[in-house]
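S.K.: below are the sequence and a predicted model; questions follow.
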Amino acid sequence: MNSNVSVIRKSFRCAFPHTIPIFAGFLFLGMTYGIYMQVSGFSFWYPCLMSLTIFAGSVEFITVNLLLGAFNPLQALALTLMINARHLFYGISMLDRYKGTGWKKPYLIFGMCDESFSINYTADIPADVDRGWFMFFVTFLNHLYWFSGATLGGIFGSLIHLNMEGLDFVMTAMFVVIFLEQWLKEKRHESSLIGLGVSLTCLILFGADNFIIPSMIAILAVLTLLRKPLEKDVKA
């Protein structure tokens, strides 16, 4: 029993520092979402429960308009699939990493947001830290940060009057930092440069509103085709 508690504590202490940048972003964006819900006429219970059960920031913002408009479940389904289609690629990437996690696996799948995926996929987990518990705490803490921010925003929304324009750039800045950190860890940068080049090409071809899914498909295809040459270069 004491051994299990020690493993859990060690995993928590290892996972927590990785989530501190996410805490800053999720707290502000979650409060923005909660305030937005309150201003739109919803009780604080809405952002509280939606952040707990949906846990998909972009979808939750869009859900506000869906709730205010006519009931159209097919439209809601299509929008959700389109917005979160990138998670299909995240899931494929995490198939091996989630093996052997036991009862934690369903929650890891449910709670895999962009930020949790970035940390769990790139983090160098020490050999003496349980991998399953590490990924669980990363996912749980990020979920808790978003839930807390959304709930606080819903509660204090009626009392706070702020200009929220531009606050969503917090997440963009955070992903830039994550990318730069990964760049510094890499000995070779072919994969990162391929990702940047393909994304830029798709941005030019498809526009800012439609480039994400094509770019992820193209990146997956290019890296699959170049997998063996890239692996040879790394080993060399």
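M.R.: Yes, it's here. Numbering: from 1, shown residues only.

S.K.: can you show me the helices along the protein?
M.R.: Per DSSP state H, the chain carries helices over the ranges 2-39, 45-53, 57-68, 73-83, 86-93, 104-110, 114-122, 131-156, 169-185, 190-206, 212-225, 227-235.

S.K.: okay, the ones you listed in TSV with mean neighbour count and mean pLDDT next?
M.R.: C-betas here are computed from N, CA, C, even on glycine. Formatted as TSV, the helices of the chain follow (neighbours: other CB atoms under 10 Å; pLDDT from 0 to 100):
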stretch	mean neighbour count	mean pLDDT
helix 2-39	18	88
helix 45-53	19	92
helix 57-68	16	82
helix 73-83	12	76
helix 86-93	14	84
helix 104-110	15	95
helix 114-122	20	91
helix 131-156	22	94
helix 169-185	13	69
helix 190-206	15	89
helix 212-225	16	81
helix 227-235	10	66
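
S.K.: distance-wise, check the residue lying closest to T122 once chain neighbours are set aside relative to L225.
M.R.: Spatial nearest neighbour of T122, chain neighbours left out: Q182 (5.5 Å); criterion: CB to CB, 6 or more residues apart in numbering. Remark: distance between Q182 and L225 (CB to CB, to the nearest Å) = 22 Å.

S.K.: just H189 next, same as before
M.R.: In terms of CB to CB, H189 sits 18 Å off from L225.

S.K.: what residue is smack in the middle of the chain?
M.R.: D114 (1.8 Å; CA atoms, centre = their mean).

S.K.: domain map for the chain?
M.R.: 2-168, 186-236 (automatic domain parsing).

S.K.: let me know which of those domains is the nearest to V177.
M.R.: Among the domains of the chain, domain 2-168 comes nearest to V177, with 6.6 Å by CB to CB.

S.K.: how far does that closest one sit from its chain's centre?
M.R.: Counting by CA atoms, centre = their mean, to the nearest Å, domain 2-168 is centred 7 Å from the centre of its parent chain.
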